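Q: below are the sequence and a predicted model; questions follow.
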Amino acid sequence: MNEQEANAAPSIHYNSGRSIIIRHTVKSGLRDQYETWLRQIIAAAAQFPGHQGVHIVRPPEGHDTFEIAVRFSHADGAETWLNSDVRRELISDIFPALDSEEHVEIRTGIDYWFTPPTSKAKQPTRWKQWLITTAVIWPLTLIVPIVLQPVFDLLPALAIWGVSHGLVAATIVAFVVYLIMPRVVRLVANWLFR
C-alpha cells in the first residue's frame, strides 16, 4: 500500500444512508480557529449530493476532542465527500491546529445514537438504551397518528390499513433519528454513559 492509499478516506460499498463520524482533538488555545474552520467545512459538505445535515458534539470543559457526524442519504454521497479535493484542502488547512490525526468512522442505523464522543469510552448498558428509546418513541406513537389523521381523511388512499401504519412509522423514525434522539442523548449523556 502506498502513502496515498494509506491516507485515502475509507471506501464505502453499500447503497443506504451513512453517518461519517469524525473526531478532531484541537490543540490548546486554538479552539476559536477550529470553530471558524468548522463553519467553513460544514458549508462545504452541504454542497455535496445527498447531504442531510451535521451534528456536532463539542467537548466538555477541560477537554479538546470534537466529534462531528455528517449524514448522507446514500453511501455514494458520503464517499464523494470523503474523497473530495475540497475536503482534503480544508483538512490540510486545519491540520496544524490539531493535536493528532483525525479519526474517521462510517456508521449506519441507530448505533451512533449511543456512541460516546470518544472511542475509548464504554457503551451504555442495554437497559438504558432501551429505556431512552422507549421514552422517545412511546409519546410519538400517541401523537403522530392524531396529527396525521387529517391527511388520511383528506387522502383516503393513504388511510388504507398498512399504508397509514407505514406513514406513521416513517414519520416517527424520521423524528427520532434526525431531531429527537441526538438531543435526548446529549441531554442525558452523564447518566447514560455512567
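A: Nice, thanks for sending it over.
Q: and stretch 23-40, how far out from the chain middle?
A: Taking Cα atoms, centre = their mean, to the nearest Å, one finds the center of stretch 23-40 at 19 Å from the center of the full chain.
Q: contacts for it?
A: Residues outside stretch 23-40 that contact it (Cβ atoms under 8 Å, 6 or more residues apart in numbering) are 56, 64-68, 90, 93-94, 97-100, 102-103, 117-119. To be clear about C-beta, it is placed using only N, CA and C from the backbone, and glycine gets the same treatment.
Q: against R186, how distant is the residue most central in space within the chain?
A: In the chain, the C-alpha nearest the mean C-alpha coordinate belongs to A69, at 3.9 Å (Cα atoms, centre = their mean). Separation of A69 from R186 (Cβ to Cβ, to the nearest Å) stands at 12 Å.
Q: mark which of the contacts of stretch 23-40 are buried, thanks.
A: Buried residues within the contacts of stretch 23-40, defined by neighbour count using 16 or more other Cβ atoms under 10 Å: 64-68, 90, 94, 97-98, 117.
Q: and which of these is nearest P49?
A: Each of the buried ones among the contacts of stretch 23-40 was checked against P49 using Cβ to Cβ; the closest is L90, at 18.0 Å.
Q: tell me the pLDDT at the closest one?
A: Reading off the confidence values, L90 has pLDDT 95.
Q: give the closest residue to it in space, chain neighbours not counted.
A: Across the structure, with Cβ to Cβ, 6 or more residues apart in numbering as the measure, the residue nearest L90 apart from its sequence neighbours is I41 (4.8 Å).
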